[in-house]
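Asks: sequence and computational prediction follow.
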Amino acid sequence: MQKDSLYTRFLAGAVASSTAEMATLPVDITKVRLQAQGMTAHQSVQYAGMADAMAKIARLEGPSALWKGARPAVTRQIVYSSMCMVLYEPFRDAIMLMGEPKSAQHAPSSMSFAQKLMAGGLAGAISISIANPVDVIKVRMQADRSGALYSGLIDAVRKIHAAEGGRGFLSGLGPNVTRGFIVNAAELGVYDQCKSTLISLGLVQEGSLGATFGSSLVAGLAGALASNPVDVVKTRLMTQPAGSAALYRSAHHCAFKTVSDEGLRAFYKGFLPNWMRKAPWCVVFFVTYEHAKGALVVPAATPLVPTPARAKVVVASSQE
């Protein structure tokens with residue numbers, strides 16, 4: 001099992017997540033808008049779907065609005081995704097060793113799919129709990145149709161703290177941690193398992209673009225299917241009014257009210273943009289991550305094997 005330094009995994013994760021985030025942010029903002037609408041009975045439904053949302057945002061708010069919240073989004077990904085890549089391997093190895101008999105822990109067997117899911121989930125839950133404050137800012141900036149809510153990252157921090165105190169940065173923390181567990185269990189676990197399976201079947205070669213690309217597509221679909229319901233709850237908790245005007249008391253109340261008011265289908269609001277973002281995001285992320293990691297890893301020096309002629313010179317010189 002290949003080992004990479006913490007520095008290598010973090011830096012490669014930062015480069016890959018920033019690239020993937022900027023490439024897919026316009027799709028992400030349509031997902032947030034679709035998930036946030038319909039929270040109250042009197043709220044008008046402004047967007048009919050992903051394409052309609054993207055067209056209306058660009059026309060009414062300007063094309064640059066499709067990249068609203070870019071700074072907190074990239075900051076969130078650098079913290080969240082990079083930490084996931086740092087934590088996944090240690091969790092994976094620790095879980096694998098825990099599942100081995102003590103007599104076999106010196107040579108652990110290959111990891112099961114369930115163990116990979118658990119390792120990915122734990123890495124995601126811990127990482128997103130650290131990134132939750134900047135995630136709140138990102139989601140609120142993307143949901144803001146007027147563009148006047150916050151002028152930037154620093155302004156958002158100041159206004160949220162003044163209006164809601166430190167609790168404001170913890171909005172949606174519960175479902176966000178749940179989502180982080182589910183998404184990363186699905187994405188990292190499925191990616192790792194799918195890649196190993198494709199290689200073992202001889203369909204692709206280790207380190208090839210085909211292995212990374214194929215595994216990323218499957219991981220993106222798995223992540224979108226698994227995470228959309230809790231993503232809806234997270235988005236609504238983060239974008240609801242603060243204080244006495246709040247619509248939901250907790251994640252459970254939000255889920256119950258969403259079902260009772262809009263039906264189970266509401267949990268898959270924004271699924272198309274979620275999926276259409278997840279698939280290319282995973283492809284861009286994992287392809288960039290593997291290349292960035294390869295560029296950062298210094299290959300071990302090849303030991304010099306002396307030829308017979310050179311060996312004679314070395315022996316002769318040692319005898320002088």
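Replies: Looks like it arrived, so ask away. Numbers count the residues shown, from 1 in each chain.
Asks: CA atoms for contacts and neighbours, from now on please.
Replies: Fine.
Asks: how about the contacts made by the residue sitting nearest the centre point of the chain?
Replies: For the chain, the residue nearest the mean C-alpha position is S81 (5.2 Å; CA atoms, centre = their mean). Each residue near S81 by CA atoms under 8 Å, 6 or more residues apart in numbering is listed here: G13, A14, S17, G124, S127.
Asks: please apply the same query to A36.
Replies: A143, V232, T235, R236, T239.
Asks: which one is M118 nearest to, not counting chain neighbours?
Replies: Closest residue to M118 apart from its sequence neighbours, by CA to CA, 6 or more residues apart in numbering: A185 at 6.1 Å.
Asks: I'd like to know how far that neighbour sits from A226.
Replies: Note on A185: its distance to A226, by CA to CA, to the nearest Å, is 9 Å.
Asks: again with M118
Replies: 14 Å.
Asks: the more surrounded of those two?
Replies: Neighbour totals were compared for M118 and A226, and M118 leads with 22 against 17 (other CA atoms under 10 Å).
Asks: look up how far V218 lies from the more buried one.
Replies: 18 Å.
Asks: now L11
Replies: For L11 relative to V218 (CA to CA), the value is 25 Å.
Asks: so of the contacts of A36, which ones are in strands?
Replies: When DSSP state E is applied, those are split such that none fall in strands.
Asks: quick one: contacts for the residue nearest to M118?
Replies: K116, L117, M118, A119, G120, G121, L122, G124.
Asks: how about the secondary structure of it?
Replies: Secondary structure state of A185, per DSSP: H, G, I helix; E, B strand; the rest coil, is helix.
Asks: thinking again about what came up before, any chance of TSV for the contacts of S81, columns pLDDT and secondary structure?
Replies: Formatted as TSV, those follow (pLDDT from 0 to 100; DSSP: H, G, I helix; E, B strand; the rest coil):
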residue	pLDDT	secondary structure
G13	90	helix
A14	92	helix
S17	92	helix
G124	91	helix
S127	93	helix
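Asks: tell me which two in those are the farthest apart.
Replies: A14 and G124 (14.9 Å; CA to CA).
Asks: which of those two has more neighbours?
Replies: Neighbour count, other CA under 10 Å: between A14 and G124, G124 has more, with 30 against 24.
Asks: report the helix or strand with the lowest average pLDDT across the chain.
Replies: helix 308-318 (a mean of 44; mean pLDDT, DSSP states H and E).
Asks: returning to that earlier point: what's the closest of the contacts of S81 to S64?
Replies: Among the contacts of S81, and counting by CA to CA, the member closest to S64 is S17, at 20.5 Å.
Asks: can you report how many residues lie near that closest one?
Replies: Neighbours of S17 (other CA under 10 Å): 29.
Asks: what ranges do the strands span in the stretch 201-320 of the chain?
Replies: Applying DSSP state E, counting those that start in this stretch to the stretch 201-320 of the chain gives no strands.
Asks: poorly predicted segments of it, please.
Replies: Applying pLDDT under 70 to the stretch 201-320 of the chain flags the ranges 298-320.
Asks: picking up where we left off before, ok, now how distant is the residue nearest to M118 from Y191?
Replies: 10 Å.
Asks: so how far is the helix or strand R92 falls within from its chain's centroid?
Replies: Using DSSP states H and E, R92 sits in helix 70-98. Averaging C-alpha positions (CA atoms, centre = their mean, to the nearest Å) puts helix 70-98 9 Å from its chain's average.
Asks: identify each buried residue in that helix, please.
Replies: Going by neighbour count (16 or more other CA atoms under 10 Å), the buried part of helix 70-98 is 70-89, 91-93, 95-97.
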